[in-house]
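[1] Below: sequence and its predicted model.
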Protein chains: 2
Amino acid sequence: MSLRPASTPQQRADQVLERLAELFEIGRRAGTNRPGLGEGEQRAHDLVASWMAEAGLSVEVDPAGNLIGRLPGSDPSLAEVWTGSHLDTPPDGGMFDGALGVVAGLDAAAAVGAGSVRRTIAVVAFRLEEGCRFGRGVFGSRAMVGDIEPDEGDLLDADGVSVAQAFAELGLGRLPTRGWADPKPACFVETHIEQGPALAAAGAPLGVVTSIAGMAGFDVVFSGSRGHAGTVPMSLRSDALGAAARFVLAAHEVAGSIPGAVATVGRLVALPGATNTIPGRAELFADLRAPDAAGLDALVERATAAAAEAAAAASCTAEVLLRWRYEPVAMDPATAAAVRRAVAGLGLDPVDLPSGAGHDAAIMATAGIPSAMLFVRSDAGGVSHAPEESTGADAIALCAQALESALRELAA
Amino acid sequence: MSLRPASTPQQRADQVLERLAELFEIGRRAGTNRPGLGEGEQRAHDLVASWMAEAGLSVEVDPAGNLIGRLPGSDPSLAEVWTGSHLDTPPDGGMFDGALGVVAGLDAAAAVGAGSVRRTIAVVAFRLEEGCRFGRGVFGSRAMVGDIEPDEGDLLDADGVSVAQAFAELGLGRLPTRGWADPKPACFVETHIEQGPALAAAGAPLGVVTSIAGMAGFDVVFSGSRGHAGTVPMSLRSDALGAAARFVLAAHEVAGSIPGAVATVGRLVALPGATNTIPGRAELFADLRAPDAAGLDALVERATAAAAEAAAAASCTAEVLLRWRYEPVAMDPATAAAVRRAVAGLGLDPVDLPSGAGHDAAIMATAGIPSAMLFVRSDAGGVSHAPEESTGADAIALCAQALESALRELAA
C-alpha cells in the first residue's frame, strides 16, 4: 500500500485545500468551468482517480461514468459505506461546491485506512450534478439508482449538444437505462459546503442536514409579436420580454410570500435579441424551491398562474413546461446521528439545518439508501456558484476529521 | 449603354420584387441575415453593383464601403441628386427594409435614363444602417458626412468582433476619420417601407415623411450578488435580473405616458446565465424614441431615473451609459414637396406622416443635405425587422413610378 504517513489535521487540511485549488484551475476563467459530461469534468475525474490510486484505493468507473474508489474493509460480505459528491460546476463556479465532498471523502477514507474497519469504504464522484448545462442535473446518482427518463438523452445544452452525445463523446457508450446500485450501499454521507449563511451566522464550522428542499424546474416561453423598435405604438405591442419581466417579478414575489421558499430565474433569453427589434419571443427557466411539500405545491401553482397573467398583461401567450420536480427528502435519522456524534466528538455543537440546494444525497435517500449530509460553513456571506465561494482552513480541517470519525463508526 | 428597353410599370415592379427576393436569399434562415460590415451585406453590395453596371451606371465604392452608382446628367457642373438606402438587415429580417430603397432607386434611375436630365443621379447603398450588430448604426451615411466617433472602431458585436476589424476584413483598410460629401449632393430622396401600420390604415400605398423621430440608445448594467438558487433567502438577495425586469416594465410604462414615444428593450442578458444561479449581473440595451425634442428629453430623463429606482428596489446598482442620441429631424420642405407632387401625379392622395424609425436620410438632413423620404405601405400589419415584412406589388409599382417622377423633377 502506498498510503501516506499519518498526518496532522493541519497537514490534511492543507492537502485538501491544495487539491481543491488544483481542481479549481481546470476550466478556470473568472471562476472554474467544468460542465457535467464535459472535458473539464473528465479532467477532474482523471486527476481524482490518480489521487485515489496514490492513496491505495481501487478505482472503478461505473456505467454512468461515476468515479468510485474503494478502500477494502475486513469483511467483504458486508454492504459498503459510501461518501462523496460531484466534480462538475456551474459556469464560473467556485472551489468548494461538489469538489470538497470528493476530496474530503478521499482524505477521510485514507485516514481511516484499509482493513481497519469491517465495511469497505467507497469514495464516489457522481457525474453531472449541476442542472445548468442541460436543465436537469444529479445525472450520475439518478443513473445509478435507475432514475433516468427515456428521452433524457435528447436534452440539449446551449450549444445544441445532447446529453447522449456528450455522454458518448466521453467514450461511455450509450446512456444506461437501468440502475446498478445492487446490493445497495449501507449508507451514504455527503460532505458539502452549506452554500448559504446559516452556519456562519450560528458561529458553527459544521452542520448536519435534516432534510433537502423540494424543487421544481420549469421552462417558460412567452410569445408575442416581433416588430420595429421605432414604429409600433406602445399600445399595439405584444412584447414578449415585457411578459417575461412581469413573470420574473411575480415569481420572486410569490416565493417571498411562502415561508422558506425561493424562486430564481437564472437564464432568460429575449429573441431575436436585436437592440432595435421588439422581442417576439422570450425564453426563461424558473427554479422553484420550498422546504416542504405544501409550500412547493403552492409555489408551483401560483408561479404557473403568474406566467399566464404576465402573458395576458403584455398581450402575449405563455407555455409552461415542467422539466423536473423533486419532492422534499428527509435525511436518515440513524446515519445523521452518526454524523452528529462525529461533530460532537470534536467538541463542537452540531447544528441541524435543512438544505435549500439539491444534492446527490437526495437521490440516494429517495432510492432507499440511508443518507446524511455534513455541511461545512460557507464564508464570504454564503455566496456559492461563484468564484468568491470560500471556506476557511479551520472548517476544512474539522470537516475532514468529523467525516473520518463518522466513516469509522458507520463502517465499524 | 446597356439600358434595358422601356418596361411597363408591371414589368418594372416584377423586376424590383424579383431582385428583392434574390437579395432575401442572401443569409436566409427564418428571415434574412445580412449584418452590416459582414459577409452577407458584402454579397448584397456585389449583387447590386452588378445590376448597376448592367443598367449602365458607373459604379464606385467610397471610403466607407458605400456603393454608389451614377447615371450621368447632361451638366456635370451641377450638384448631384441622390437616392438609395441600405442593404444590411437585423437578425432574421425581412425582404423590404433597406433593400427596397436601393432596388427601387436603381429602377427609377434607369427609367429616367442617362443624359435625359441635367443633374447626375446617384443611387447609393449605405453600409451598416441597422444598429443591432454593434449597438450603433447609420455608419455609412455618418462616415460620409464625417460623423464617426474617435473610438467607434472599438465597438464590439456579440462575437467580440470590433467595427474596425469587420471593416478591415472587407478589404476597406482603416476607418475613415473625415467625411467626403463635398460638394454636397443637391438633395437625397430615400424610399423605404413604412414599417408601421399608418399608410395601410389610411388606405394609401405611398406617404411622404415630414420628420424623423429623435432617439437615444442606452446600455444599462445592473450589478447584484450571484448566489446559489436554493440557499439564499428571498429577503437577502440582490438579484440583478429582478432589477432588470423592473426596469423593462418601467421603461415601457414611461414611454406609454409620453405622446408618440416608444421604449424597447430588445437585448437582455442575465449572467452567469445558469439555471441554478442567482444572476449577479444583467445587461440590457434600451432604445428610446420620441417624435419631438421635449418628449425625448422627458423619456430619457425618466427612464434613467427608473434604472436607479429598479436597482434600488432589488438591492442592486445600475450603470447607465448613453451610446447614441439623434435629435428629431425635419425633412426638407422643398424636396418633400417634389416627392409629394410625384405621388399626386399618379392620382394618389399624398399622405404626410412622421417616421418613428431612424434612417440614413436623418443623417444626411442633419449634415445640411436637403432630404426627403418616400414611404411605401407595409402590409402584414406593419410588421418589420421580421421575415413577415411584406408590401404588395401594387404599392411597389407605384413607388417606383413616383420616385422616377421625383428624380426627373429634382434632376431636371
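    Ah, there it is.
[2] got a list of what A:Leu398 touches?
    A:Pro9, A:Pro205, A:Leu206, A:Leu346, A:Leu348, A:Val376 (Cβ atoms under 8 Å, 6 or more residues apart in numbering or on different chains). Glycine gets a C-beta too; all of them are placed from N, C-alpha and C.
[3] Now with 6 Å, please.
    A:Pro205, A:Leu206, A:Leu346 (Cβ atoms under 6 Å, 6 or more residues apart in numbering or on different chains).
[4] ok, of these, which one's closest to B:Ala361?
    A:Pro205 (68.9 Å; Cβ to Cβ).
[5] ok, the closest one touching A:Ala395?
    Yes: the criterion here is Cβ atoms under 6 Å, and A:Pro205 meets it with A:Ala395 at 3.9 Å.
[6] quick revisit: just the buried subset of the contacts of A:Leu398, please.
    Buried by 16 or more other Cβ atoms under 10 Å in any protein chain shown: A:Pro205, A:Leu206, A:Leu346, out of those.
[7] ok, back up a step: just the ones of the contacts of A:Leu398 in strands?
    A:Leu206 (DSSP state E).
[8] show me where the stretch 1-150 of chain A has strands.
    A:58-61, A:67-71, A:81-86, A:121-126 (DSSP state E, counting those that start in this stretch).
[9] ok, now the stretch 151-300 of chain A?
    Using DSSP E, counting those that start in this stretch, strands in the stretch 151-300 of chain A cover A:187-193, A:206-212, A:214-223, A:227-228, A:262-271, A:277-278, A:281-290.
[10] Check those strands for me: which has the lowest mean pLDDT.
    Among the strands of the stretch 151-300 of chain A, strand A:227-228 carries the lowest mean pLDDT, at a mean of 86.
[11] So in that sheet, which strands flank it, and in what orientation?
    strand A:277-278 (antiparallel) (DSSP bridges).
[12] Touching the partner strand from outside, list them.
    A:Arg226, A:Gly227, A:Arg237, A:Asp239, B:Pro90, B:Thr264, B:Gly266, B:His385.
[13] From chain B, how far off is the fourth one?
    Meaning A:Asp239. 7 Å (Cβ to the nearest Cβ, to the nearest Å).
[14] Now for that residue, how many residues are close by?
    Neighbourhood size, A:Asp239 [other Cβ atoms under 10 Å in any protein chain shown]: 29.
[15] In contact with it, which residues?
    A:Gly224, A:Ile278, A:Ala314.
[16] Could you check how far the first one is from chain B?
    Distance, A:Gly224 to chain B, by Cβ to the nearest Cβ: 12 Å.
[17] Spatially nearest residue to that residue (excluding sequence neighbours)?
    A:Ser238 (3.4 Å; Cβ to Cβ, 6 or more residues apart in numbering or on different chains).
[18] Is it correct that A:Pro91 is in contact with B:Pro272?
    Yes: using Cβ under 6 Å, A:Pro91 is in contact with B:Pro272, at 4.4 Å.
[19] re earlier: okay, and the common contacts of A:Pro205 and A:Ala395?
    A:Arg377.
[20] Could you give the number of residues near A:Pro35?
    24.
[21] circling back: so which of the strands of the stretch 151-300 of chain A comes closest to B:Glu404?
    Closest among the strands of the stretch 151-300 of chain A, using Cβ to Cβ: strand A:227-228, at 27.1 Å.
[22] what residues does that closest one touch?
    Under the criterion Cβ under 6 Å, 6+ apart, residues A:Ile278, B:Gln195, B:Ala357, B:Val383, B:Ser384, B:His385 lie in contact with strand A:227-228.
[23] Which pair of these spans the longest distance?
    B:Ala357 and B:Val383 (13.0 Å).
[24] Overlap of the contact sets of these two?
    Looking at what touches both B:Ala357 and B:Val383 (by Cβ under 6 Å, 6+ apart), there is no common residue.
[25] can you give me the helices in the stretch 251-400 of chain A?
    A:293-313, A:333-344, A:360-366, A:393-411 (DSSP state H, counting those that start in this stretch).
[26] Reformat those into CSV and put mean pLDDT and distance to B:Val103 next to each item.
    Converted to CSV, those look like this (pLDDT from 0 to 100; distance: least, Cβ to Cβ, whole Å):
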stretch, mean pLDDT, distance to B:Val103
helix A:293-313, 97, 39
helix A:333-344, 98, 75
helix A:360-366, 96, 61
helix A:393-411, 96, 69
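[27] circling back: so what's the residue count around the residue nearest to A:Gly224?
    Neighbour tally, A:Ser238, other Cβ under 10 Å: 21.
[28] So it is in contact with A:Thr317, correct?
    No: judged on Cβ under 6 Å, A:Ser238 makes no contact with A:Thr317 at a distance of 8.8 Å.
[29] domains for chain A, by residue range?
    A:9-213+A:328-411, A:214-326 (automatic domain parsing).
[30] wait, which of those is closest to B:Thr83?
    domain A:214-326 (21.6 Å).
[31] May I have the distance across the closest one, first residue to last?
    Using Cα to Cα, to the nearest Å, one end of domain A:214-326 lies 5 Å from the other.
[32] Quick check: residues of the stretch 51-200 of chain A near chain B?
    A:Pro90, A:Pro91, A:Asp92, A:Gly131, A:Cys132, A:Gln195, A:Gly196 (Cβ under 6 Å from any Cβ of the partner chain).
[33] Reformat those residues as CSV; add distance to B:Trp51 and neighbour count.
    As requested, those are exported to CSV (distance: Cβ to Cβ, whole Å; neighbours: other Cβ atoms under 10 Å in any protein chain shown):
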residue, distance to B:Trp51, neighbour count
A:Pro90, 52, 32
A:Pro91, 48, 24
A:Asp92, 50, 22
A:Gly131, 53, 25
A:Cys132, 50, 29
A:Gln195, 63, 27
A:Gly196, 65, 27
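[34] which two in the residues you listed are spaced the farthest apart?
    Top of the distance list for these (Cβ to Cβ): A:Pro91 and A:Gly196, 20.0 Å.
[35] residues in contact with the closest residue to A:His45 other than its chain neighbours?
    Spatial nearest neighbour of A:His45, excluding adjacent residues (Cβ to Cβ, 6+ apart): A:Leu67 at 4.8 Å. For A:Leu67, the contact set (Cβ under 6 Å, 6+ apart) comprises A:His45, A:Ala49, A:Val61, A:Ala125.
[36] and of those, the nearest to chain B?
    Nearest to chain B among the contacts of A:Leu67: A:Ala125, at 19.1 Å, using Cβ to the nearest Cβ.
[37] which residue packs closest to the closest one, ignoring adjacent ones?
    Nearest to A:Ala125 is A:Leu67, by Cβ to Cβ, 6+ apart, at 4.2 Å.
[38] Which pLDDT value belongs to the one you found?
    Per the predicted model, pLDDT is 98 at A:Leu67.
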